[in-house]
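Trainee: Return atomic coordinates for the entry below.
(one chain, ligands or ions: 3)
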Amino acid sequence: MKKIIDISQPLDHRTVVWPGDTPFSYDLTWTTQDSGSVNVGQIQMSTHTGTHIDAPFHFNDEGQRVIQLDLDVYVGDALVIHLPKTNSIGPKELDGIDLQGITRLLIRTDAWTDRRVFPSEIPFLEPQLAGYLADRGIRLVGVDLPSVDPLDSKELSAHHQLSAYGIAILEGIVLEHVQPGAYELIALPLALAEADGSPVRAVLRTIRDEKGG
Ligand SMILES: Nc1ccccc1C(=O)C[C@H](N)C(=O)O
Ligand SMILES: [Zn+2]
Ligand SMILES: [Zn+2]
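Mentor: Ligands and ions are numbered 1, 2, ... in the order given. Coordinates of the predicted model:
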């Protein structure tokens, strides 16, 4: 059986959000007692909460909204690489990693493992990484961090460069329990027609069948 590894952050009122952004809440609009039959919930959240994807509209007024995104990118073979203790990630950090035939690259930095607090500093993707990845056929990059740019960045160079090269952005994945290697990724956004981003349930499936077929 192919094993499913959950790489999503759980969403509840404790989930840490970008400073100043909408906290996550789940409340019951009706309880079985009120309604006589059902519990019906409502959620309020920022589109950039927990494990999520960015649509280009997040950083570009003319950019694609979530529903316009090509879903192919969010399902398929992915390579998990481990780059701990690095301040930034550029072509140099990927030197020696064979990206031949890789379409989706997930980077485990282990720089945000205490997810009860928003990090004060994170490793970021160097803008020149976008062209390097695109040249090698990468169409999605995922990070175990709340952003691909430095937290205080207003230019969002990595976001813009990745988007310019047609590379999709997946943020806030949980990889500390994942060994580097090849997997199948599934991280589909909701069919949000207007949104700039979407929470995803991100999972990895092991490629090779484990014992028991
Ligand atoms: N929620 C925010 C509120 C204000 C300013 C930025 C954010 C972000 O989410 C940026 C981050 N690079 C992101 O794409 O998730
Ligand atoms: Zn985001
Ligand atoms: Zn982002």
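
Trainee: Any idea what Ile53 is bridged to?
Mentor: Per DSSP bridges, the residues bridged to Ile53 are Leu170, Ser198.

Trainee: Quick one: residues contacting it.
Mentor: Val66, Leu69, Tyr74, Ala168, Ile169, Leu170, Glu171, Ala187, Pro189, Gly197, Ser198, Val200 (Cβ atoms under 8 Å, 6 or more residues apart in numbering). Where you see a C-beta, it was placed from the backbone N, CA and C, and this is true even at glycine.

Trainee: Over to Ile67?
Mentor: Ala191, Leu192, Ala193, Glu194, Ala195.

Trainee: now it: how far from Pro189?
Mentor: Distance of Ile67 to Pro189, computed by Cβ to Cβ, to the nearest Å: 8 Å.

Trainee: what does Asp135 give?
Mentor: Asp135 is 26 Å from Pro189, by Cβ to Cβ.

Trainee: who has more neighbours, those two?
Mentor: Pro189 (22 against 11; other Cβ atoms under 10 Å).

Trainee: wait, what's in contact with the more buried one?
Mentor: Contacts of Pro189 by Cβ under 8 Å, 6+ apart are Ile53, Ala55, Val66, Leu69, Tyr74, Gly197, Ser198, Pro199, Val200.

Trainee: These into JSON lines, with extra columns for distance to Asp144 and pLDDT?
Mentor: Output for the contacts of Pro189, formatted as JSON lines (distance: Cβ to Cβ, whole Å; pLDDT from 0 to 100):
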{"residue": "Ile53", "distance to Asp144": "14", "pLDDT": "99"}
{"residue": "Ala55", "distance to Asp144": "20", "pLDDT": "99"}
{"residue": "Val66", "distance to Asp144": "22", "pLDDT": "98"}
{"residue": "Leu69", "distance to Asp144": "21", "pLDDT": "98"}
{"residue": "Tyr74", "distance to Asp144": "17", "pLDDT": "99"}
{"residue": "Gly197", "distance to Asp144": "17", "pLDDT": "99"}
{"residue": "Ser198", "distance to Asp144": "18", "pLDDT": "99"}
{"residue": "Pro199", "distance to Asp144": "16", "pLDDT": "98"}
{"residue": "Val200", "distance to Asp144": "14", "pLDDT": "99"}
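
Trainee: Just the pLDDT at the residue located most distally from the centre of the chain, thanks.
Mentor: In terms of distance from the mean C-alpha position of the chain, Gly36 ranks first, at 39.4 Å (Cα atoms, centre = their mean). Looking at Gly36, its pLDDT reads 97.

Trainee: Report the two of the contacts of Ile67 separated the most.
Mentor: Ala191 and Glu194 (10.9 Å; Cβ to Cβ).

Trainee: now the helices for the chain?
Mentor: 32-35, 91-94, 129-135, 157-164 (DSSP state H).
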